[in-house]
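K.L.:
Test case, fold it:
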Amino acid sequence: MRVVLLSLLLLLFPGCSYEAAPAKKQLSTYPAWINNPCLGGVTGSVGSSLPHFKGPAYQRKLAISRALDELALQKGVEIDLVAKREQTSKNDNVRSTSDIQSEQRVTNSKVTAHIEATYTDPQTKELFVWMVLD
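P.N.:
Purely as a prediction, here's the structure:
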């Protein structure tokens, strides 16, 4: 009887200690230009934006603006960026306003660029825009 009971316990206990392997998180594979915007010897920059509360058009505009600001800095353009955000809440109502002003000064220089590529992260919906100088 002891042999049967011992055999049964040896068969059951290993089954109780089994842990399923943790699910592997699917990592997003980003294009190479996101971390290296000067890929291929071009002068480029990357701007990004998470989903915008006003929709995809504003998200795209913000990402492009950020990329252009970076390109302007690379070309020696002076940029003054003033951002003001105000948020108030009363009971369950939240009111938020934003005001962003950008002033760029160029001395005998013109910055023209085009969008080389875009990428949207499928998990976070963050939009990346790759801008390259013309």
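K.L.:
show me where the chain has strands.
P.N.:
44-49, 78-90, 93-105, 113-120, 127-133 (DSSP state E).
K.L.:
Pairing partners for the first one, with directions?
P.N.:
Sheet pairing of strand 44-49 (DSSP bridges) gives strand 127-133 (antiparallel).
K.L.:
any idea of the mean pLDDT in the strand it pairs with?
P.N.:
Strand 127-133 comes out with an average pLDDT of 94.
K.L.:
got the angle for whichever helix in the chain runs longest vs strand 127-133?
P.N.:
Secondary structure of the chain per DSSP state H: the longest helix is helix 56-74. With axes from the mean of the first three to the mean of the last three Cα atoms, to 10 degrees defining the directions, helix 56-74 sits at 40 degrees from strand 127-133.
K.L.:
Against which helices or strands is helix 56-74 packed?
P.N.:
Packed against helix 56-74 by the contact rule (3 or more Cβ pairs under 8 Å, 6 or more residues apart in numbering; DSSP states H and E) you find strand 44-49, strand 78-90, strand 93-105, strand 113-120, strand 127-133. Every residue, glycine included, has its C-beta placed from N, CA and C.
K.L.:
I'd say L127 and V46 touch.
P.N.:
No: at 10.6 Å, L127 does not count as touching V46 under the criterion of Cβ atoms under 8 Å.
K.L.:
Tell me, how many residues neighbour V46?
P.N.:
Close neighbours of V46, defined as other Cβ atoms under 10 Å, add up to 21.
K.L.:
The residue lying closest to it once chain neighbours are set aside: neighbouring residues, count only.
P.N.:
The spatial neighbour of V46 that comes closest, neighbours along the chain excluded (Cβ to Cβ, 6 or more residues apart in numbering), is P37 at 4.8 Å. Neighbourhood size, P37 [other Cβ under 10 Å]: 22.
K.L.:
which residues touch F128?
P.N.:
30-31, 34, 46-48, 63, 118-121 (Cβ atoms under 8 Å, 6 or more residues apart in numbering).
K.L.:
now these as JSON lines including distance to M131?
P.N.:
Below are these laid out as JSON lines (distance: Cβ to Cβ, whole Å):
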{"residue": "Y30", "distance to M131": "17"}
{"residue": "P31", "distance to M131": "14"}
{"residue": "I34", "distance to M131": "12"}
{"residue": "V46", "distance to M131": "8"}
{"residue": "G47", "distance to M131": "7"}
{"residue": "S48", "distance to M131": "12"}
{"residue": "A63", "distance to M131": "9"}
{"residue": "T118", "distance to M131": "10"}
{"residue": "Y119", "distance to M131": "13"}
{"residue": "T120", "distance to M131": "16"}
{"residue": "D121", "distance to M131": "18"}
